[in-house]
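**Q** sequence unavailable; structure follows:
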């Protein structure tokens, strides 16, 4: 009986899964959708998209969850969770928005 108890006690830590910590919500400003129609194609790829300014920098994304996905030039205060995606050689880093809500 003692062996069964020790065996069970040894398996308990193995059964605990450590989940990855989710990104924390961050205060941000959605600056709107920026179009870059008057510049060359390679620069346009880095300029088009929703521009988002956080306390840690300025980012861009091509998609946002509804109702924030309407192209606009108005600035909106938001709370945002995001992750930086692979570097695409642009000066403004690209992000994937996990969640967004109005402040």
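**A** Structure's in. What do you need? Everything quoted here is computed from the prediction, not taken from an experiment.
**Q** can you count the residues close to residue 52?
**A** Neighbours of residue 52 under the rule other Cβ atoms under 10 Å: 26. C-beta coordinates here come from the backbone N, C-alpha and C atoms, glycine included.
**Q** same question for residue 60.
**A** Other residues near residue 60 come to 21 when the count uses other Cβ under 10 Å.
**Q** list the contacts of the spatially closest residue to it that is not a sequence neighbour.
**A** When the adjacent residues along the chain are set aside, residue 60 lies closest to residue 49, with 4.1 Å between them (Cβ to Cβ, 6 or more residues apart in numbering). Contact analysis of residue 49 by Cβ atoms under 8 Å, 6 or more residues apart in numbering lists 33-34, 60-62, 94.
**Q** show me those residues that map onto strands.
**A** Among the contacts of residue 49, the members falling in strands (DSSP state E) are 33-34, 60-61, 94.
**Q** could you flag which of those are buried?
**A** Buried residues within the ones in strands among the contacts of residue 49, counting neighbours by 16 or more other Cβ atoms under 10 Å: 33, 60-61, 94.
**Q** ok, back up a step: list the beta-bridge partners for the residue nearest to residue 60.
**A** Beta-bridge pairing of residue 49 under DSSP bridges involves residue 34.
**Q** let me see the contact set for the closest residue to residue 26 other than its chain neighbours.
**A** Excluding the flanking residues, the one nearest residue 26 by Cβ to Cβ, 6+ apart is residue 54, at 5.2 Å. Counting by Cβ under 8 Å, 6+ apart, residue 54 touches 26-29, 80.
**Q** can you give me the mean pLDDT across stretch 24-40?
**A** The predicted model assigns stretch 24-40 a mean pLDDT of 81.
**Q** give me the contact list for that stretch.
**A** 43-44, 47-56, 60, 64, 68, 71-82, 99-100, 103.
**Q** gap between residue 93 and residue 60?
**A** Using Cβ to Cβ, to the nearest Å, one obtains 8 Å as the distance from residue 93 to residue 60.
**Q** among the contacts of stretch 24-40, name the buried ones.
**A** Among the contacts of stretch 24-40, those classed as buried by 16+ other Cβ under 10 Å are 47-52, 60, 64, 68, 78, 80-82, 100.
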